[in-house]
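1. model this:
(2 chains)
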Amino acid sequence: MAVTTAALSAQEVRQTSWKGDTRVVWGAVLLVPYVLVFLVFVAFPVLYGFWLGRDPEIYRQLFQDPTFKTAFVNTILFLLIAVNLKFVLALGLSGFFANQRPWIRFVLVLFILPWAIPSIPTILSFRFMLNGEFGVINSELFRWFQIEGPGWLTHPTLAFACSIFVHIWKALPFWTLILLTARLAIPVELYEAASVDGASKFQQFRFITWPAIATLYVTSTILSMIWTLGDFNSVYLLTGGGPGDQTHVLATLGIRYLRIDKLPLGIASIIVAMPLVLPMVYIMVRRLSAEEKSRERQST
Amino acid sequence: MKNWFDDAKLILVAIPVLLWTLVPIYHLFVLSISNQQAMMDGKLWPSAPTLQNYAIVLQQKHYYLTNFWKQFATSFGVAIATGVLTLLIATFAAFAISRLRASGGKFIMNLALATYLIPAAFLAVPMYKTMGIYGLLDTRAALVMAMVALASPYAIWVLKQASDKLPIELDEAAIVDGASVPQLFKLIYLPMMAPSMVAIGIYALLLAWNEYLYAFLLISDEKDVPLAVALGNFLGADDSPWNLLMASGLIYALPPAVIYYTFRKHMVSGLTAGAVKS
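-> Numbers count the residues shown, from 1 in each chain, chains lettered A, B, ... in the order given. You can find the predicted model right below:
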């Protein structure tokens, strides 16, 4: 009798998982808070939004609204210009910051500021600088070159260009850091060997740096496209969509319709953006889960 | 000689980079120490720099600033509540998915990832309508819950990846010693996860502190808005006291900057790891 008890407890002791359903039950219980938050504050609003946008008539109204057409074209232009410019700059600057010198590390600390501080004060600072009458830019232009500067924010094209500029100013440090991290992970020996073999700086970039960071560059570009599409602050706080509603993008248009009491149009403008957003989200979810899987394989 | 030449080339890059980065921030600072007259001169350095603006802001001695400290407290409270709730929800979820291999975990991860990727600006209008249905409009709870919903997907993503790296033998050893699930969570899991949790807590905190769009949609009463919305409200008129706006803006920007630079190591390794890692 004593022997069997001892054998049993020894068997119990060796168990490396809990008895019965403990694991399953706790797993479900601990997921409840997030699932609740998701259902109540994400899933329901999304479904409710689609339900509000079920009437085909509002889409006809939307497509007839000239502001919508402008905003749609603006969104495409904003994406193309801002994302490409940002990444070319980030790629170049990550090369600059990859030079390991103490003073460059200090420059990097300052360079991160636009990303580290909230966007509202800095965008408003831009707004005042760009003011045509008493902004510092036009004042200095006049003082040094006797040029009457343009009304940066009262001219639609200029105002739009300025919001792209502000967007890049804000987002550049983050992407530069990401690309810098990738560059620093490349073994220095590769460059040393290449330069012994007489490879030029361009060849080193073309055959060492670029192959090592290409995947990350593409992933980052898609991610940045999605976030750029959703950039509300750079446009809304700088131009307010003006002058004359000429600088709206899809991210600000929904709010604009809401403010002038045309909620259905606001919903419709968001739903219309979905064919642009969802494919990118789908690609990114696939990419990120695939990367995670390959990491899991590596670790096992 | 070669080295000196390289440095010179690098400095030629550094100068425009620093100008690009610092001019708007410098301008923010200059306006904040300018009086009403100097502000309109558009000079690079004000003729009579003054700290008067800060005194006015801190003592709430202006029409636009009557609720400054209340709004500061609101921002602070919303940020803390968002940070704590996000951390709680996301840590539970990451523990369940990664360590307990909860069924449906993969599906929930993908849902969370998709939520993280969809731009928040597109969710704002439906969220606003939904909060109306729930009767939460004009409450701070609405803003906190919206921010938790936006912050937790990324939090779960990062925490799950971090906890996948913990060796499974650790759990097994604890279970052999007779640890229950709560004991495993509290005594083994939490201490090991602390560094990632610091990064994620700060991420959620800063997200809420910096948020403008949701704050101004969900809360409209001047007395209840967070600081971000109060700053935006300055824009109402062309004759707005921009120097006061910039002084309060700098005060508003200070806590995130301090937090960011204090926890820089945590932030960069913790956050970039999950954001995009090849």
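2. looking at it, B:Lys70 is touching B:Asp221, isn't it?
-> No: taking contacts as CB atoms under 8 Å, B:Lys70 lies outside contact range of B:Asp221: 11.0 Å. Every residue, glycine included, has its C-beta placed from N, CA and C.
3. who's more crowded, the two?
-> B:Lys70 (17 against 9; other CB atoms under 10 Å in any protein chain shown).
4. quick check on the residue in the stretch 1-150 of chain B positioned nearest to chain A: phi, psi?
-> Chain A sits closest to B:Pro119 of the stretch 1-150 of chain B, with a gap of 2.1 Å, by CB to the nearest CB. Backbone dihedrals for B:Pro119, given as degrees, to the nearest 10, come out at phi -60, psi 130.
5. secondary structure element for B:Lys61?
-> In the assignment (DSSP states H and E), B:Lys61 maps to no helix and no strand.
6. next up, the contacts around it.
-> B:Ala55 (CB atoms under 8 Å, 6 or more residues apart in numbering or on different chains).
7. please repeat the previous calculation with a cut-off of 10 Å.
-> Taking CB atoms under 10 Å, 6 or more residues apart in numbering or on different chains as the definition of contact, the neighbours of B:Lys61 are B:Gln52, B:Ala55, B:Phe68, B:Leu244.
8. pLDDT below threshold where in the stretch 151-300 of chain A?
-> A:293, A:295-300 (pLDDT under 70).
9. next: the stretch 1-150 of chain B.
-> Across the stretch 1-150 of chain B, the ranges flagged by pLDDT under 70 are B:1-2, B:42.
10. tell me how many other residues surround A:Glu57.
-> Number of residues near A:Glu57 (other CB under 10 Å) recorded here: 9.
11. I'd say it and A:Pro264 touch.
-> Yes: taking contacts as CB atoms under 10 Å, A:Glu57 lies within contact range of A:Pro264: 8.7 Å.
12. and residue 92, what does it touch?
-> Picking chain A for this. A:Thr176, A:Leu179, B:Val13.
13. right idea, wrong chain: chain B
-> Going by CB under 10 Å, 6+ apart, B:Phe92 touches A:Trp26, A:Val29, A:Leu30, A:Leu31, A:Val32, A:Pro33, A:Tyr34, B:Ile156, B:Leu159, B:Phe185.
14. go with 7 Å
-> Contacts for B:Phe92 were tallied using CB atoms under 7 Å, 6 or more residues apart in numbering or on different chains; they are A:Leu30, A:Pro33.
15. just the helices in chain B please.
-> For chain B, applying DSSP state H gives helices covering B:2-32, B:36-41, B:52-58, B:68-94, B:105-117, B:120-134, B:140-164, B:168-176, B:181-183, B:190-210, B:213-218, B:227-233, B:242-262, B:264-275.
16. mind checking the ones you listed for the one nearest to A:Arg286?
-> Each of the helices of chain B was scored for nearness to A:Arg286 using CB to CB, and the closest is helix B:105-117 (9.4 Å).
17. and stretch A:238-247, does that touch chain B?
-> No: applying CB under 7 Å from any CB of the partner chain, one finds stretch A:238-247 separated from chain B by no less than 7.6 Å.
18. re the thing from before, which of the contacts of A:Gly92 sits closest to A:Phe68?
-> A:Phe68 lies nearest to A:Thr176 out of the contacts of A:Gly92, by CB to CB, at 34.6 Å.
19. and the closest one, how far is that from A:Ala90?
-> 4 Å (CB to CB, to the nearest Å).
20. before we move on, what about A:Arg183?
-> Applying CB to CB to A:Arg183 and A:Ala90 gives a distance of 11 Å.
21. which helix in chain A runs the most residues?
-> Within chain A, and with DSSP H defining each element, the longest helix by residue count is helix A:263-299.
22. report the angle between that one and helix B:105-117.
-> Here the directions of helix A:263-299 and helix B:105-117 differ by 130 degrees (axes from the mean of the first three to the mean of the last three CA atoms, to 10 degrees).
23. give the buried residues for helix A:263-299.
-> Of the residues in helix A:263-299, those scored as buried under the neighbour-count criterion (16 or more other CB atoms under 10 Å in any protein chain shown) are A:263-273, A:276-277, A:280-281, A:284-285, A:287-288, A:291-292.
24. which residue packs closest to the residue in the stretch 151-278 of chain B that chain A sits nearest to, ignoring adjacent ones?
-> Distances between the stretch 151-278 of chain B and chain A by CB to the nearest CB are smallest at B:Gly249, namely 3.0 Å. With CB to CB, 6 or more residues apart in numbering or on different chains as the measure, A:Pro121 is the residue that lies nearest to B:Gly249, at 3.0 Å, once sequence neighbours are left out.
25. for the one you found, which three-state class applies?
-> State at A:Pro121, reduced to three classes by DSSP: H, G, I helix; E, B strand; the rest coil: helix.
26. how many neighbours does it have?
-> The criterion is other CB under 10 Å. On that basis, A:Pro121 has 26 neighbouring residues.
27. what's the answer for the one 4 residues further on, then?
-> For A:Ser125, the count of nearby residues is 27 (other CB under 10 Å).
28. for it, which non-adjacent residue is closest in space?
-> Counting by CB to CB, 6+ apart, the nearest residue to A:Ser125 once its immediate chain neighbours are dropped is B:Leu28, at 4.0 Å.
29. go ahead and confirm that neighbour touches A:Thr122.
-> Yes: under the contact definition of CB atoms under 7 Å, B:Leu28 touches A:Thr122, with a separation of 6.4 Å.
30. so after the helix or strand hosting A:Lys69, what's the next helix or strand?
-> A:Lys69 belongs to helix A:66-97 when assigned by DSSP H and E. Moving toward the C-terminus from helix A:66-97, the first helix or strand encountered (DSSP H and E) is helix A:102-111.
31. what about whatever helix or strand comes next after that next one, distance to the chain center?
-> Past helix A:102-111, heading to the C-terminal end, the next element that is a helix or strand (DSSP H and E) is helix A:113-116. Centroid separation between helix A:113-116 and its chain, computed with CA atoms, centre = their mean, to the nearest Å, is 14 Å.
32. give me the neighbour count for the nearest residue to B:Ala93 once chain neighbours are set aside.
-> With CB to CB, 6+ apart as the criterion, B:Ala93 has its nearest non-adjacent residue at 4.3 Å, and that residue is A:Tyr34. Using other CB under 10 Å, A:Tyr34 has 27 other residues around it.
33. following the strand or helix carrying A:Leu190, which helix or strand comes up?
-> Assigned by DSSP H and E, A:Leu190 belongs to helix A:188-196. If you walk from helix A:188-196 toward the C-terminus, the next helix or strand you reach (DSSP H and E) is helix A:201-204.
34. for the residue in the stretch 151-300 of chain A that chain B sits nearest to, phi and psi?
-> In the stretch 151-300 of chain A, the residue that lies nearest chain B is A:Gly230 (2.1 Å; CB to the nearest CB). Listed backbone geometry of A:Gly230 is phi -100, psi 10, with angles given as degrees, to the nearest 10.
35. pretty sure it is touching A:Thr252, no?
-> No: with contacts counted by CB under 7 Å, A:Gly230 stays clear of A:Thr252, the gap being 10.3 Å.
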